[in-house]
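Visitor: Generate a structure from the sequence data that follows.
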Amino acid sequence: MDRPRGLGRLLVPIAALLFAATTVVKIGDADIFSHVAAGRWMLAHGQIPHTDPFSYASAGPWKYTEALAQVLFALVERAGGFAGVVWFNSALLLGLALIVGASCRARPSAVAVVICWLGAASYMALEPKPQTFSYLCFALLLWLLRAGHVQVVPVLFLAWGYLHRGGTLGLMVLLGSAALALVFERRHALLLVTLASALALALNPGGWFYFRSTFDVASRASFHAHIAEWQPLTWTGLVRDHATFVPLLACALFERVRTRQKPDFELVALALGLVAAMTGARLVPFAAIAAAPPAARGLDALVARLQVRPALMHAALATLALGSLASSALRVAPAFWGPGIIDTLVPVHLASVIRDVPARGHVFHSFDFGGYFLYALDRKVLIDGRNDTVYDDRFFLEVLRADTDPAQFAALDRKYHFDVAAVRWNAPNEPSLLARDPAWALLTWDDRGAVYVRRAAVDASYLSQHAYRELRVDDAFARAATPGPNDAVFLAELARNTREAPHSARAWLLATLAYRTRGMRSEYLATRARLVDQVNDRALTLPMP
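Guide: Predicted structure coming up:
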């Protein structure tokens, strides 16, 4: 293959930069907050925690923690806030793209397309989390095997064990590759490297749990049923969220058939990556990383067969690359671009209200809120995204049911004695926990959920100042559409709700609907304008009164 000249030398780094740039998106997933909190704890105490300091309901030890990744995220957050965390994650992904590019022995134009396909196929699983380190380590492992630097591999696995649990997949690739080398080439060196790597990985903070938990998480029925990113990859999900993985895989398979390669580490990595992706959509990046190098060679061979003029070929491939990334990146709402936190998806407002509640009893909260509450509150949480490393499966399902099942909530209440409750809210027609319970008072309500306080846990003056009297989660839309008793108080509380939760599209929708049905034209026009801004910025689909 000829050495690239001029602009050709820049195609791969440009593609890598574009890939990384599309990941500069505000944080909307709660998991990273608990990782930062864990890193802060380790920096403060100078040790890796083996018992859980963050939950009042955890049943036993903290079985495994991504200590090195969490400390790194905490240091970045300390220096640059969560904007810095977003930039750091994108820098890691830039490194991933460059490593993959270095592994692709093909023309730069083909490599650039494959990097963009990799980015688009993996886009839904690239938010800031320790798993980013596993993607990076996986790509680095394949590069080391391809370059023949196997003596460095055990060092990689030593670090990997402290970064994320994905090291088990890397070890399986190494073991399969060592077996193939032994069978087809009678070489034992890679087997020794595999044994050394397994020992290095076993030094992780969780010991043997590290290895078996990988298979447990991937096969856990409750995760598949209730956590979207752990649901098995379906054809619908593939087309909707990972469409460019199809040409990536097709080109990779074409390359192997075209060259009739004997089984090697590349085939092992691709096969295991596919199995992982079929287990949970969150693992698609592993399959995409494994497919990228053979896909680049396959695409290069396909383009060569077309015998198209070089300028036209480069233009077509550049368009293909940019279109691949744009197809994923344009799905992000305008308000979500850039570094920072998505206040409308992360329960920032709910946490700010809970922080000021004088009742110091336990907080009940929906599962989705635990990660941010763990980071933002000076209280212990009920549950968060650490799942199998801290909480057992039975408890995980109990908390999920308590969100909508009053009997399950009451059972947990008897055990833990809640004074505050932060309940997830999804849609107007869904029943809302505690909305009609006279023992609880509504303190705030935004697009993520509602916060209640137990009336007996605070004094009357606090309730008169902070609790809503007429606004209720379960019937607010019906009352907004039809004037009724205490209407003046209800309207005043709708206005108060828009002030307290100014980023809540639901709050503006309710006020707009109420003002329209009551003929309050000036108020209606003002709130409708704010509602339109929310809808446009966040690309929402809402009925416009």
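Visitor: Let me know the secondary structure of residue 474.
Guide: Secondary structure, DSSP: H, G, I helix; E, B strand; the rest coil: residue 474 is coil.
Visitor: Identify the residues contacting it.
Guide: 431, 432, 435, 436 (Cβ atoms under 8 Å, 6 or more residues apart in numbering). Quick note: C-beta positions are derived from backbone N, CA and C, even for glycine.
Visitor: okay, it: pLDDT?
Guide: Model confidence at residue 474, given as pLDDT, is 90.
Visitor: roughly how far apart are it and residue 434?
Guide: For residue 474, the distance to residue 434 equals 10 Å [Cβ to Cβ, to the nearest Å].
Visitor: returning to that earlier point: Throw together a ChimeraX command that grabs the buried residues out of the contacts of residue 474.
Guide: In ChimeraX, this line selects whichever of these come out buried by 16 or more other Cβ atoms under 10 Å:
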select :432,435
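Visitor: for the contacts of residue 474, which one is nearest residue 123?
Guide: Nearest to residue 123 among the contacts of residue 474 is residue 432, at 33.1 Å by Cβ to Cβ.
Visitor: Kindly list the main-chain dihedrals of the closest one?
Guide: As for residue 432, its main-chain torsions (degrees, to the nearest 10) stand at phi -120, psi 130.
Visitor: which residue packs closest to it, ignoring adjacent ones?
Guide: Sequence neighbours aside, residue 473 is the residue nearest to residue 432 in space, at 4.1 Å (criterion: Cβ to Cβ, 6 or more residues apart in numbering).
Visitor: Please identify which of the contacts of residue 474 is nearest to residue 48.
Guide: Distance to residue 48 across these (Cβ to Cβ) is lowest for residue 432, with 40.2 Å.
Visitor: helix/strand/coil for the closest residue to residue 360 other than its chain neighbours?
Guide: Leaving aside its chain neighbours, residue 360 sits nearest to residue 419 (7.1 Å; criterion: Cβ to Cβ, 6+ apart). Following three-state DSSP, residue 419 is assigned to strand.
Visitor: neighbours around residue 419, how many?
Guide: For residue 419, the neighbour count with other Cβ atoms under 10 Å is 19.
Visitor: do residue 157 as well
Guide: The tally of other residues near residue 157 (other Cβ under 10 Å) stands at 25.
Visitor: Wait, it touches residue 170, no?
Guide: Yes. Residue 157 sits in contact with residue 170 when judged by Cβ atoms under 8 Å, with a separation of 6.9 Å.
Visitor: In the host helix or strand of residue 216, which residues are buried?
Guide: Per DSSP states H and E: residue 216 is located in helix 208-219. Buried positions in helix 208-219, judged by neighbour count with 16+ other Cβ under 10 Å: 209, 210, 211, 213, 214, 217, 218.
Visitor: Could you dump the residues you listed into TSV and include distance to residue 306 and pLDDT?
Guide: Supplementary listing: those in TSV, determined by distance: Cβ to Cβ, whole Å; pLDDT from 0 to 100:
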residue	distance to residue 306	pLDDT
209	52	93
210	48	93
211	47	92
213	48	85
214	43	79
217	44	72
218	40	69
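Visitor: could you dump those to a markdown table with distance to residue 244?
Guide: Formatted as a markdown table, these follow (distance: Cβ to Cβ, whole Å):
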| residue | distance to residue 244 |
| --- | --- |
| 209 | 35 |
| 210 | 32 |
| 211 | 32 |
| 213 | 31 |
| 214 | 26 |
| 217 | 26 |
| 218 | 24 |
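Visitor: with those in mind, which one is nearest to residue 461?
Guide: residue 217 (48.0 Å).
Visitor: What separation do you get for the closest one and residue 164?
Guide: From residue 217 to residue 164 the distance is 12 Å (Cβ to Cβ).
Visitor: Kindly report the same for residue 286.
Guide: For residue 286, the distance to residue 164 - Cβ to Cβ - is 12 Å.
Visitor: Give the full set of residues in contact with residue 69.
Guide: 35, 130, 133, 162, 163, 164.
Visitor: May I ask which of the residues you listed has the most neighbours?
Guide: When neighbours are counted by other Cβ under 10 Å, residue 35 leads the contacts of residue 69 with 27 neighbours.
Visitor: Assign a three-state SS to the residue in the chain sticking out farthest from the centre, would you?
Guide: The centre of the chain is farthest from one residue, residue 485, which by Cα atoms, centre = their mean lies 44.7 Å away. Using three-state DSSP, the secondary structure recorded for residue 485 is coil.
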